[in-house]
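Enquirer: no sequence on this one, just coordinates:
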């Protein structure tokens, strides 16, 4: 894995569809990404953000995960519209304070859809991700809405899309996976019950 010093870091901001709603983000290694995203969303800095990867294997490479938290298990969770919170101490690289906002947890997602893969390729690594909307307004779940939102922003945003309809329009389930095993649902999404049942089946 390339070190931060070896990476070609970009401060470009991207908008892209996810499996839930449209997202906005940029390289986790760019110092001014959080400031730009905060301006776009109209919110003060200090709120934690998720990190988006393009595969569960990429998550495994970025974090030292326990054996029971395999890429297969992660794949199942991410296919059920999950945001997975894992202990920050598992990170192999230093994650900027601004991303976790002082939390001992870091939230991760992994989606293998084409627009996300394109964004991560352009950013040369995982990206900070949050919903494409102003705080207090409904999230955006279609291309027209994304285009209209971008047109109103003073901060330049690069739209990445392949014409496919990926968004369910629902928020993801946020679930914390504990160091000692076990889990806690922080926010329920439409597959929350399936996620809980699955984790109980695998004794996590």
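Expert: Sure thing, it's come through. Being a predicted model, the structure only gives us computed values, none of them experimental. Numbers count the residues shown, from 1 in each chain.
Enquirer: would you confirm that residue 167 contacts residue 81?
Expert: No. With contact defined as C-beta atoms under 8 Å, residue 167 does not reach residue 81; the gap is 10.4 Å. The C-beta positions use only the backbone N, C-alpha and C, and glycine is treated the same way.
Enquirer: which neighbours do these two have in common?
Expert: Common neighbours of residue 167 and residue 81, counting by C-beta atoms under 8 Å, 6 or more residues apart in numbering, are 19-20.
Enquirer: run a quick neighbour tally on the nearest residue to residue 85 once chain neighbours are set aside.
Expert: Distances taken as C-beta to C-beta, 6 or more residues apart in numbering place residue 176 nearest to residue 85, at 4.0 Å, with adjacent residues excluded. Residue 176: 16 surrounding residues under other C-beta atoms under 10 Å.
Enquirer: just the one 5 residues further on next, same as before
Expert: Applying other C-beta under 10 Å, we find 12 residues neighbouring residue 181.
Enquirer: need the contact list for the residue nearest to residue 85.
Expert: By C-beta under 8 Å, 6+ apart, the contact set of residue 176 is 84-86, 105, 183-184, 186.
Enquirer: just put those residues in TSV and tack on secondary structure.
Expert: Formatted as TSV, the contacts of residue 176 follow (DSSP: H, G, I helix; E, B strand; the rest coil):
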residue	secondary structure
84	strand
85	strand
86	strand
105	strand
183	strand
184	strand
186	strand
